[in-house]
Structures are given as C-alpha cells and as structure tokens.
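Chemist: Structure of the sequence below:
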Amino acid sequence: MDAGLIIQLLSGAAGGNLAARILPKFSLGTLGNSLLGILGGGIGGQLLGMMGIETPAGGADLTSIISSVLSGGVGGGVLLSIIGIIKGALGGK
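Modeler: I've put the predicted structure just below:
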C-alpha cells in the first residue's frame, strides 16, 4: 500500500466525520462516519485519477500530499452526504 492511498483513506475518515459535524442530520455515528469516509476517500482518489486529475501516489512532495488529503477528504464527505440523503429519503432518523 502506498503512502498516497493511506493519506487518502485517513483524510476520508476525517472528511466523513467533518461532514457529519457540519450536517448532523446525516451523521451515522462516529464509526459509521469513519467507515464511509474511508470508503469515500479511497473511491474519491481513484475517481480523480481516472478523470486525469493526478494524485501522485507514493510521492512525498507537498503537492502530492495536499492532493491526497483533498481528494480523500472531499470523497469521504461527499459519500457520507450521499448516504445521509438516501437514509433520510428512506425514512431514517
């Protein structure tokens, strides 16, 4: 596992919990927020890579670290929000 992916996954967990703090009605509890954030962070980084927006994996320079943090954090927050919206539409709390 390379450093870029690890950073994306950790940033995804943080992004999921931050999104839940900003939008508390979408919160799934700390564990649920973290797990969805990790999943979203991994998916977000991969999607950006497929779209041609490079998140240089394995690099230790500042640009690759920042892009991994942003792609992971945003991916985690977005996935948590999507799942929260679906949960609300299905009649969840």
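Chemist: Pull the number of nearby residues for residue 34.
Modeler: By the criterion of other Cβ atoms under 10 Å, residue 34 has 20 neighbours. Yep, even glycine has a C-beta here, placed from its N, CA and C like the rest.
Chemist: when you give positions from now on, start the count at 34
Modeler: All right, first residue 34 from here; so that's residue 67.
Chemist: Tell me the buried residues in the helix or strand encompassing residue 45?
Modeler: For residue 45, the enclosing helix or strand under DSSP states H and E is helix 36-55. Using 16 or more other Cβ atoms under 10 Å as the test for burial, helix 36-55 gives 37-38, 40-53.
Chemist: what helices or strands is it leaning on?
Modeler: Packing partners of helix 36-55 (3 or more Cβ pairs under 8 Å, 6 or more residues apart in numbering; DSSP states H and E): helix 62-83, helix 95-122.
Chemist: Distance of residue 110 relative to residue 44?
Modeler: Distance, residue 110 to residue 44, using Cβ to Cβ, to the nearest Å: 10 Å.
Chemist: low-scoring pLDDT stretches of this protein, where are they?
Modeler: For the chain, the stretches with pLDDT under 70 are 34, 85-93, 125-126.
Chemist: what residues are up against the spatially most central residue of the chain?
Modeler: Nearest to the mean C-alpha position of the chain, by Cα atoms, centre = their mean, lies residue 109 at 1.8 Å. Listed by Cβ atoms under 8 Å, 6 or more residues apart in numbering, the contact partners of residue 109 are 44-49, 52, 69-74, 77.
Chemist: got it, and residue 63?
Modeler: residue 50.
Chemist: about what we covered before: of the contacts of residue 109, closest to residue 99?
Modeler: Distance to residue 99 across these (Cβ to Cβ) is lowest for residue 44, with 10.2 Å.
Chemist: Hmm, residue 100 and the closest one touching each other?
Modeler: No - look at residue 44 against residue 100 with Cβ atoms under 8 Å: they stay out of range, at 10.3 Å.
Chemist: distance between the helix holding residue 45 and the chain's centre?
Modeler: 5 Å (Cα atoms, centre = their mean, to the nearest Å).
Chemist: how about the nearest residue to residue 72, chain neighbours excluded?
Modeler: Spatial nearest neighbour of residue 72, chain neighbours left out: residue 112 (6.2 Å); criterion: Cβ to Cβ, 6 or more residues apart in numbering.
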